[in-house]
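Chemist: Provided below are the primary sequence and the corresponding predicted coordinates.
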Amino acid sequence: MKKYPKFVQLKNREQVMLRLMVPEDGEKLLEFFKNLPPDDRLVLRHDTTDPGVIKRWVQEIDYDKVYPVLAEHKNKIIGDATLHMKRFGWQRHIGEIRIVVAKEFRGQGLGRVLIHELLEKAAGVGLHHIQLSFVETQAREMKIFERMGFRKIATLPKYVIDVTGQEHDLIIMTTRVSDIWNKLEELIQSTEMDIIRGVQ
């Protein structure tokens, strides 16, 4: 955690700060999620426009259970990335990644950098596998992760019901942390992004 804050220059030359979520982030997080396109919020696991949900997240921060990295630009949150870990049990070697990026910052390499941050944490705590979940409407996102080295391992038909009551297929993708690490490093370098640790 000493490596934060970290500053990243995106492909559009905008500079973004990466840091861990703190209890004071409630209002900024609520604003971030409320500003997402409605279609993005349809498939989120929680009602992120509910102040109570966000309040619970920031009040119950436990970095050993959920590792939350935020991207901030001009004092506004533009990206939220979390690594979910189990401390005990037969899935303790598996982490789950969830990432949301503001629409106006997509396609600039921010998502890859956020994934890199989570994978660095995953490797550091000894996780072997990373898992992601999608619905079938997220075809663009799935292709991005496939290029990174993730692969589909299961499709559960009509397994998800969104906030409007519509059913969706649930697609599960996974990769080994050791397999994706080098490939992700190459992808980030190919975007010609500058990562500056600890200075602005």
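Modeler: Yep, it's here.

Chemist: same question for stretch 152-167, mean pLDDT?
Modeler: The average pLDDT within stretch 152-167 is 90.

Chemist: over to stretch 118-133?
Modeler: 92.

Chemist: sort out which residues of it are buried, please.
Modeler: For stretch 118-133, burial by neighbour count (16 or more other Cβ atoms under 10 Å) applies to 118-119, 121-123, 127, 129-133. Backbone N, C-alpha and C define where each C-beta goes, glycine included.

Chemist: check those residues and tell me the two furthest apart.
Modeler: Greatest spatial distance in those: 123 and 133, 21.2 Å, computed using Cβ to Cβ.

Chemist: for stretch 114-124, C-alpha coordinates in CSV please.
Modeler: C-alpha atoms of stretch 114-124 as CSV (Å, rounded to 0.1, in the frame of the first residue of the first chain):
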residue,chain,number,x,y,z
LEU,A,114,-6.4,-0.9,-13.1
ILE,A,115,-6.3,-4.7,-13.9
HIS,A,116,-2.5,-4.5,-13.6
GLU,A,117,-2.8,-3.0,-10.1
LEU,A,118,-5.2,-5.8,-9.0
LEU,A,119,-3.0,-8.5,-10.6
GLU,A,120,0.0,-7.2,-8.8
LYS,A,121,-1.9,-7.5,-5.5
ALA,A,122,-3.2,-11.0,-6.5
ALA,A,123,0.4,-12.2,-7.1
GLY,A,124,1.6,-10.6,-3.9
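
Chemist: alright, I will stop here.
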